[in-house]
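Peer 1: This is a predicted model, with the sequence first.
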Amino acid sequence: MNLSNYQYIQNYIGGEFTEPASKLYFDNINPATGEVFGQIPNSNAEDVQKAVDAAQKALPAWRVTSTEKRFAVLNRIAELIDQHLDELALAETTDNGKPLWLSKKVDIPRASSNFRFFATALMHFASESHQMEDKAINYTLRQPIGIVGCISPWNLPLYLFTWKIAPALAAGNCVIAKPSEVTPLSAYLLSKICKEAGLPDGVLNILHGDGPSCGSAIVAHPDIKAISFTGSTRAGQQIASVAAPMFKKLSLELGGKNPAIIFADCDWEKMMRTVVQSSFANQGQICLCGSRILVEKSIYEKFKSEFIARVSKLRVGDPMDENSKQGAVVSKVHFDKVMSCIELAKSEGGKILIGGQAVKPEGRCAQGYFIEPTVIEGLAPGCKTNMEEIFGPVVTLQVFETEAEALALANCSNYGLAATVWTQDISKANRVAMQVHTGIVWVNCWLLRDLRTPFGGMKNSGVGREGGWDAMRFFTEAKNVCVEI
Ligand code: NAD
């Protein structure tokens with residue numbers, strides 16, 4: 001891919017590639033080098049209106065397009081994502097700073113899986129029927145909502161963008177979608193793929209821009225009847241405050257502060273290997289990363305020394321280098337935020353066991369935003385460092401003695417997205433899984449994803465569930481028809 005071809009990316013509205021109405025662009029910065037490599041449209045309410053007009057035009061035909069035809073076009077998009085793997089992976093890494101091998105192995109393959117999964121889901125989607133003895137039969141229709149909005153974050157750009165768009169399209173809706181303004185390039189390439197795949201014009205409209213100008217105009221538009229949002233709890237609150245009084249359907253996938261609960265009877269090697277990953281994969285910028293590591297007292301010292309030894313081997317550097325385990329964090333703003341969280345942890349009495357510093361690689365990445373994987377101990381459960389999301393390569397260690405204490409620490413959080421539990425005792429694993437306040441629990445594994453399962457969090461981690469039939473149900477309106485016999 002020649003990045004100079006993408007110096008100015010464009011909105012995709014009604015099948016056309018267009019400039020933003022404002023003609024305003026902002027810089028796209030490669031976080032690994034600190035260099036500006038492109039310009040991103042800053043769209044506004046006028047662009048959103050154009051996209052809604054295009055969607056309205058496309059909707060009557062798309063909502064009655066046969067399932068076979070919808071399957072064929074969505075499946076074709078999946079095939080084209082696979083064919084463009086290298087180009088998309090390079091776009092993702094250039095925008096986001098994550099290692100190229102990770103974009104190739106995880107982000108882009110998952111984007112095509114999302115399209116393939118929901119292409120087949122729409123062929124099997126069925127609804128209920130309820131018989132009232134000999135009086136009546138009820139059947140439930142599942143109809144497309146109409147025009148829906150999908151807004152996604154920067155950490156897994158194409159992966160999370162397609163996780164929303166694919167079910168929304170599969171269910172027969174027209175979509176106004178906005179990727180993060182920090183990582184727009186793979187979504188722009190996706191718009192070209194959708195065109196090539198034969199997705200009818202106006203069915204999917206992709207707008208680029210920031211939250212205040214573009215995202216908020218999508219949320220506030222009266223003809224966009226549902227909002228599927230993944231991002232920060234702060235933005236989720238703002239979105240809910242606008243969308244809820246308009247009675248829009250809302251799916252909010254928000255922040256996390258996930259516990260990894262490690263009991264003494266775990267499979268040691270598997271646990272060690274996985275907890276290093278669940279702490280620092282994607283520079284710790286996965287909403288599912290375990291940022292609070294809770295360790296049973298009898299193994300705490302052993303865990304600490306071996307964990308530090310393994311973390312010390314995580315090489316931080318140029319994301320284009322296949323030996324780099326950790327790339328750059330996504331932006332200067334985020335770099336500053338994570339570094340200030342590390343300072344806060346120190347001021348709260350935390351002891352930095354390893355890391356805590358910026359990394360300055362030599363060569364082309366000298367001006368990039370790199371941070372050492374950081375492990376901190378000695379902090380109280382209720383301090384800010386243990387309560388607030390950092391969303392970077394920073395974890396804390398805490399000690400527990402009993403199962404009840406482990407649960408109390410795990411649940412001492414305003415967030416409730418995911419937890420991991422490490423034990424060989426199946427009864428204990430089930431007891432803890434049942435009592436932990438999170439929407440997702442992994443036992444003796446992490447990030448093992450079956451796309452049919454419900455995905456989402458409780459408490460400040462969000463409202464609603466994505467994945468499988470949950471996503472198909474979210475993107476449809478249920479209508480019950482009662483027929484007297
Ligand atoms: P963010 O909330 O700043 O932005 C997310 C998206 O929302 C962007 O596209 C942004 O432009 C847009 N946006 C921001 N304010 C908006 C507003 N008022 N109205 C409409 N749109 C708005 O989040 P981020 O920094 O891009 O992503 C990191 C956050 O996402 C973290 O908190 C992380 O935990 C969360 N996240 C959650 C999940 C999950 O599944 N629960 C997955 C990934 C990331």
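Peer 2: It's in. Residues are numbered from 1 along each chain as shown.
Peer 1: Tell me where the stretch 1-150 of the chain has helices.
Peer 2: Along the stretch 1-150 of the chain, counting by DSSP state H, counting those that start in this stretch, helices occupy 45-63, 67-83, 85-96, 100-102, 108-124.
Peer 1: got the residues of this protein near the ligand?
Peer 2: When proximity is defined by CB under 6 Å from any ligand atom, the chain lies next to the ligand at 151-155, 160, 178, 180-181, 210-211, 215-216, 219, 230-232, 235, 238-239, 253-256, 287, 389, 391, 417, 457, 461-462. Bear in mind the C-beta positions are built from the backbone N, C-alpha and C, glycine included.
Peer 1: Relative to residue 177, how far out is the residue nearest the centre of the chain?
Peer 2: Compute the mean C-alpha point of the chain, and by CA atoms, centre = their mean the closest residue is residue 160, 4.6 Å away. Using CB to CB, to the nearest Å, residue 160 is found at 11 Å from residue 177.
Peer 1: Check the contact lists of these two and give me the overlap.
Peer 2: residue 152 (CB atoms under 8 Å, 6 or more residues apart in numbering).
Peer 1: dump the residue contacts of the closest residue to the ligand within the stretch 1-150 of the chain.
Peer 2: Closest to the ligand within the stretch 1-150 of the chain is residue 149: 8.6 Å, counting by CB to the nearest ligand atom. Contact analysis of residue 149 by CB under 8 Å, 6+ apart lists 175-178, 218-219, 221, 224, 226-228.
Peer 1: So residue 310 sits against residue 272, correct?
Peer 2: Yes - using CB atoms under 8 Å, residue 310 is in contact with residue 272, at 6.4 Å.
Peer 1: tell me how far stretch 374-387 is from the chain's mean position?
Peer 2: Computed by CA atoms, centre = their mean, to the nearest Å, the chain-centroid distance of stretch 374-387 equals 24 Å.
Peer 1: do the same with stretch 191-204
Peer 2: Worked out by CA atoms, centre = their mean, stretch 191-204 lies 23 Å from the chain centre.
Peer 1: Go ahead and name everything in contact with it.
Peer 2: Residues contacting stretch 191-204 (CB under 8 Å, 6+ apart): 12-17, 54-55, 57-59, 61-62, 65, 73, 76-77, 80-81, 84, 165, 169, 174-175, 177, 206.
Peer 1: in the stretch 201-350 of the chain, which spans are helices?
Peer 2: Counting by DSSP H, counting those that start in this stretch, the helices of the stretch 201-350 of the chain are 216-220, 233-243, 268-280, 300-311, 332-347.
Peer 1: and after the last one, which helix or strand comes next?
Peer 2: It stands for helix 332-347. With elements assigned by DSSP states H and E, the helix or strand that comes after helix 332-347 is strand 351-354.
Peer 1: Could I get the buried residue list for that next one?
Peer 2: Buried residues in strand 351-354, counted by 16 or more other CB atoms under 10 Å: 352-354.
Peer 1: Please apply the same query to stretch 240-248.
Peer 2: Within stretch 240-248, the residues scored as buried using 16+ other CB under 10 Å are 240, 243, 248.
Peer 1: Closest to residue 120 out of these?
Peer 2: residue 248 (28.2 Å; CB to CB).
Peer 1: Check the gap between the closest one and the ligand for me.
Peer 2: Distance, residue 248 to the ligand, by CB to the nearest ligand atom, to the nearest Å: 12 Å.
Peer 1: Could you report the separation of that residue from residue 219?
Peer 2: In terms of CB to CB, residue 248 sits 8 Å off from residue 219.
Peer 1: what touches both of the two?
Peer 2: residue 227.
Peer 1: For residue 76, which non-adjacent residue is closest in space?
Peer 2: The shortest distance from residue 76 to any non-neighbouring residue, by CB to CB, 6 or more residues apart in numbering, is to residue 197 (4.1 Å).
Peer 1: From residue 79, how far off is the one you found?
Peer 2: As judged by CB to CB, residue 197 and residue 79 stand 8 Å apart.
Peer 1: cool, and residue 57?
Peer 2: Using CB to CB, residue 57 is found at 27 Å from residue 79.
Peer 1: Around the residue of the stretch 301-450 of the chain found nearest the ligand, how many other residues sit close by?
Peer 2: Taking CB to the nearest ligand atom, the ligand has its nearest neighbour within the stretch 301-450 of the chain at residue 391, 5.0 Å off. Residues contacting residue 391 under the criterion other CB atoms under 10 Å number 25.
Peer 1: what about this structure, any weak spots by pLDDT?
Peer 2: Along the chain, segments meeting pLDDT under 70 span 1-6.
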